[in-house]
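>>> here is a sequence with its predicted model. Questions after.
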Amino acid sequence: MRTLRCPVIASVLRSLSAPAWVALIAASVALGRAPVAGQDLPDMPSFQEVLSLQVVGGVAISPDGARVAYTVRSSDWEANRVDTEIWLAAEGEPFQLTRTADGSSSSPQWSPDGRWLSFLADRGEQNQVHLIDPRGGEAWAVTEVEEGVTSYRWAPTGDRILLRVREPETDEDKARSEQYGTYAVEDEEYRNSHLWVLEIDQRGETTEPERLTEGDFHVADAEWSPDARHVAYVRQPNANLLSFMETDIYILDMESKESRDLVTGPGPDSGPEWSPDGGWILFSEFDKDLGSLYYLNGEFARIPAAGGEIEILTGSFDEDPFGATWTDAGIRFMANDRTERKVYTLDPDTRAIAALPLPTPIVGSWDFTPMGRRWRSPGRAPRACPRCSGPGGAW
């Protein structure tokens, strides 16, 4: 792969908004193709080359830490679309594991025993959960949900999969679409999502999904407890975009199927993460005036899973924390620091926070082994400006 390094341009790009750097790239391309007397300009990439960059994301590390599944997004110019597929890195060269014709494959997850790799794909019947043997073979769908699956999560015990499914269209909606075509009234029409669960055995055979939540609200996120006896989920009034300001956290008992509120308040409470012993729940919260939500930092807090007093853990941290995970190795989270995205450790008892030394200044999505000793994440070096020509553009 040939790499074009432009330290001056890269420095400027890091300080600009998206529209500004797009305009700057356009100007740079124009300059790069215009002769300037007495000056040798670098061969700048074209817009098509920039859009042809392959982007790595969606990392999933196997339970034993030996294999990594990840997504690669690429441009299909002939089909005029963007394609995302799953690749696998183990021994030897990484290879493409999935190929979804006229669609994409996303959200890779390993079964807790590492036997199966699951993913979401629309292969003609909406977005469904699929299984594949990472050693090779064909994938098959383990769900047949009419509206498709929005997101899913394996139970730590490996015998169940939690599904988040959007509510189906009503007869009235279908009749209107048939008569007038597809349209929606902004901020007034939406379909909420709810939780379902299915059982799965070691052969990959599943039962019919069972509904877990229903009512006039939207489930935005959910996380199993370590013993798979409870689910912490994020509930909001509806699926409208601005409804995220009113999120609360509830606990679902998987035996009784009853829910109880755990964290409720005027601001957003989200991102529940169980402690390894199941005794605490870490979450993101914002208890300030909602008018300042877009420019003040949020906080990480914890609360006993059985209910109790909320403890703020990042009150002394002068950045906006996000993306926390809690394993036996402790709490780790991300935060943007000027032009970098760093990883930090947090001691929930002492509140001590420290940045982890990393080989790259910008990290993306990540995944950990169950014990938290090994993790994988895509990263970016902002000073590198790849001159893409096919797969060599992948970071």
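In hand now; what should we look at?
>>> so where do the helices sit in the protein?
With helices called from DSSP state H, the chain shows them at 7-13, 18-33, 47-51, 171-180.
>>> residues in contact with the last one: which ones?
In this case it means helix 171-180. Contacts with helix 171-180, where a contact means CB atoms under 8 Å, 6 or more residues apart in numbering, come from residue 169. Every residue, glycine included, has its C-beta placed from N, CA and C.
>>> from the chain's centroid, how far away is that helix?
A distance of 33 Å separates the centroid of the chain from that of helix 171-180, by CA atoms, centre = their mean, to the nearest Å.
>>> ditto for stretch 190-208
Taking CA atoms, centre = their mean, one finds stretch 190-208 lying 20 Å from the centre of the chain it belongs to.
>>> can you give me the buried ones in that stretch?
For stretch 190-208, burial by neighbour count (16 or more other CB atoms under 10 Å) applies to 190, 192, 193, 194, 195, 196, 197, 198, 200, 206.
>>> in PDB, list the C-alpha atoms belonging to it.
Provided in PDB are the C-alpha atoms of stretch 190-208 (Å, rounded to 0.1, in the frame of the first residue of the first chain):
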ATOM      1  CA  TYR A 190     -42.900   6.100  14.500                       C
ATOM      2  CA  ARG A 191     -42.800   2.400  15.400                       C
ATOM      3  CA  ASN A 192     -41.400   1.400  18.700                       C
ATOM      4  CA  SER A 193     -39.100  -1.500  19.300                       C
ATOM      5  CA  HIS A 194     -39.500  -4.200  22.000                       C
ATOM      6  CA  LEU A 195     -37.600  -7.100  23.400                       C
ATOM      7  CA  TRP A 196     -38.000 -10.800  22.400                       C
ATOM      8  CA  VAL A 197     -36.000 -13.900  23.300                       C
ATOM      9  CA  LEU A 198     -35.400 -17.200  21.600                       C
ATOM     10  CA  GLU A 199     -33.700 -20.400  22.800                       C
ATOM     11  CA  ILE A 200     -30.800 -21.900  20.900                       C
ATOM     12  CA  ASP A 201     -29.100 -25.200  21.300                       C
ATOM     13  CA  GLN A 202     -25.500 -26.300  20.500                       C
ATOM     14  CA  ARG A 203     -26.500 -27.400  17.000                       C
ATOM     15  CA  GLY A 204     -27.800 -23.900  16.300                       C
ATOM     16  CA  GLU A 205     -31.400 -24.800  16.300                       C
ATOM     17  CA  THR A 206     -33.800 -22.300  17.700                       C
ATOM     18  CA  THR A 207     -37.300 -22.000  19.100                       C
ATOM     19  CA  GLU A 208     -40.000 -19.400  18.200                       C
END
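>>> returning to what we had before: can you pick out the most distant pair from the buried residues of stretch 190-208?
The most widely separated members of those, counting by CB to CB, are 190 and 200 (30.4 Å).
>>> quick one on the thing from earlier: which of the buried residues of stretch 190-208 fall in strands?
193, 194, 195, 196, 197, 198 (DSSP state E).
>>> need those residues in TSV with distance to residue 309 and pLDDT, can you?
Output for these, formatted as TSV (distance: CB to CB, whole Å; pLDDT from 0 to 100):
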residue	distance to residue 309	pLDDT
193	31	96
194	30	97
195	27	98
196	33	98
197	31	98
198	36	96
